[in-house]
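Peer 1: Here is my input; please provide its structure:
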Amino acid sequence: MNHRPHTHNAHTQNTSQQRLGLTIGLNLMIAMVEVVGGIISGSLALISDSVHNLADSVSLIISYFALKLSKKKVSLRNTFGYHRAEILAAFINATILAGITLFLIVQAFIRFFRPVQIKVDTMGIVALIGLGANLAGMILLKKPSSQSLNIRSSYLHLVGDTLSSVAVIIAALLIELTKLTFIDPLITIIISLYIIKETWSVLQRSTDILMMASPTDINLLKIQREIEKMEGIDNIHHVHIWQLDDKTIHFEAHLRLAKNPSIHEADQIRQKIERWLIDNNIQHVTLQIEPSETANACPSNSLLGSTH
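Peer 2: Presented below is the predicted three-dimensional model:
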């Protein structure tokens, strides 16, 4: 078995945690202000933006605790550590967010037929406050986002929040100028469709990881062809590949050797294949060697074999 070494910079992680903590506080404040502002002003677009901010607050909290959990060592009880906690939380968050967003879309369509009076000044002021807080959050996470994929995803969420706030401000200006209140539910639907698009990708990816599906960017048939072209290999079978989290790929397989090499020669073949797999972005590799003639060989040479 082989895997890439892991390195951690404690100072960088602590700084990232502090900045994430501040950003979480800002996002929660925005969400609460926008909910109250949306109710007072009668703007559904503002409420939909608050839902977006609240969902991203949950995402930021997930990122925050993921950083804390990443420092926690594996144990006899949790031999894989706590990496899947982030994936499970992302799945739950995406499911809840999708439900709330669909509810907002239904409410927006109702607003088309039953328009309400909107207090544009309140709507615009609250959206401006949200925009300012989102920009502050982006500044806080700009530097850490270049050092962590986890924080990078949170930073991109804030970019989406900022665009939503801009959309609400534009809606407020258009309603003030044209007096057309249908602009509010229209913007609500646009923001909601954007949220569903982002939510669907998170839901799909988290489901794939939890179901231990093969990573979408890994071509198993290509791996089979390349390995079976290597000297000393008869075939590769009983292959299983999955992701522990959104960054770590595990690979296990049985290798049937073309001849009956010595233990040293067989180990050299194994190491060569491990290095090739690691060079192709597979971090954890476990290979079982099978000589060409053995009573314990797998009954099937199928690439996927069977689970056991």
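
Peer 1: what does stretch 166-179 rub up against?
Peer 2: 43, 45-46, 49, 118, 120, 123-124, 127-128, 130-131, 180-181, 183-184, 186-187, 190-191 (CB atoms under 8 Å, 6 or more residues apart in numbering). No exception for glycine: its C-beta is placed from N, CA and C like everyone else's.

Peer 1: swap in stretch 73-87?
Peer 2: By CB under 8 Å, 6+ apart, the list of residues contacting stretch 73-87 reads 62-63, 65-66, 69-70, 72, 150, 206, 209-210, 244-246, 248.

Peer 1: now with 10 Å?
Peer 2: Contact partners of stretch 73-87, identified using CB atoms under 10 Å, 6 or more residues apart in numbering, comprise 62-63, 65-72, 150, 202, 205-210, 243-248, 250.

Peer 1: So L277 is in contact with M230, correct?
Peer 2: No: contact criterion CB atoms under 10 Å: L277 and M230 do not qualify, at 11.4 Å.

Peer 1: Is there a quick ChimeraX command that grabs whichever of the contacts of stretch 73-87 are buried?
Peer 2: Selection command for ChimeraX covering only the buried members of those, criterion 16 or more other CB atoms under 10 Å:
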select :62,63,65,66,67,70,150,202,205,206,208,209,243,244,245,246,248,250
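
Peer 1: Keep only those of the contacts of stretch 73-87 that are in helices.
Peer 2: Judged by DSSP state H, helices contain the following of the contacts of stretch 73-87: 62-63, 65-70, 150, 202, 205-210.

Peer 1: Looking at these, which is nearest A266?
Peer 2: I209 (33.1 Å; CB to CB).

Peer 1: residues contacting that closest one?
Peer 2: If you count contacts by CB under 10 Å, 6+ apart, then I209 has 83-84, 86-88, 90-91, 215, 242-246, 248 around it.

Peer 1: What residues sit buried inside stretch 162-182?
Peer 2: 162, 164-165, 167-169, 171-172, 174-175, 181.

Peer 1: Show only the entries of these found in helices.
Peer 2: Per DSSP H, the buried residues of stretch 162-182 map to helices at 162, 164-165, 167-169, 171-172, 174-175.

Peer 1: TSV please, covering the residues you listed and showing distance to G25 and pLDDT.
Peer 2: As requested, those are arranged in TSV below (distance: CB to CB, whole Å; pLDDT from 0 to 100):
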residue	distance to G25	pLDDT
T162	17	82
S164	19	80
S165	17	84
A167	24	84
V168	21	86
I169	23	89
A171	27	87
A172	26	88
L174	32	90
I175	31	88
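
Peer 1: Between all of those residues, which two are at the greatest distance?
Peer 2: Pairwise over these, using CB to CB, the maximum falls at T162 and I175, 20.7 Å.

Peer 1: Which stretches in the chain count as helices?
Peer 2: Counting by DSSP H, the helices of the chain are 10-41, 44-70, 83-113, 120-145, 149-178, 183-210, 220-228, 263-279.

Peer 1: Show me which positions of the longest one end up buried.
Peer 2: To tie it back to what came earlier, the one meant is helix 10-41. So helix 10-41, judged by 16+ other CB under 10 Å, has buried residues 13, 16-17, 19-20, 23-24, 26-28, 30-31, 33-35, 37-38, 41.

Peer 1: now swap in the shortest one and tell me
Peer 2: Of the residues in helix 220-228, those buried under the neighbour-count criterion (16+ other CB under 10 Å) are 220, 223-224, 227.

Peer 1: cool, and stretch 86-106?
Peer 2: Buried residues in stretch 86-106, counting neighbours by 16+ other CB under 10 Å, are found at 86-87, 89-91, 93-94, 97-98, 100-101, 104-105.

Peer 1: Mind splitting this protein into its structural domains?
Peer 2: Following automatic domain parsing, one gets these domains for the chain: 2-210, 220-290.

Peer 1: quick one: low-confidence parts of this structure?
Peer 2: 1-14, 16, 67, 70-71, 145-151, 153, 293-308 (pLDDT under 70).

Peer 1: Go again with 50.
Peer 2: 4-9, 308 (pLDDT under 50).

Peer 1: Show me the residue sitting in the middle of it in space.
Peer 2: V202 (5.5 Å; CA atoms, centre = their mean).
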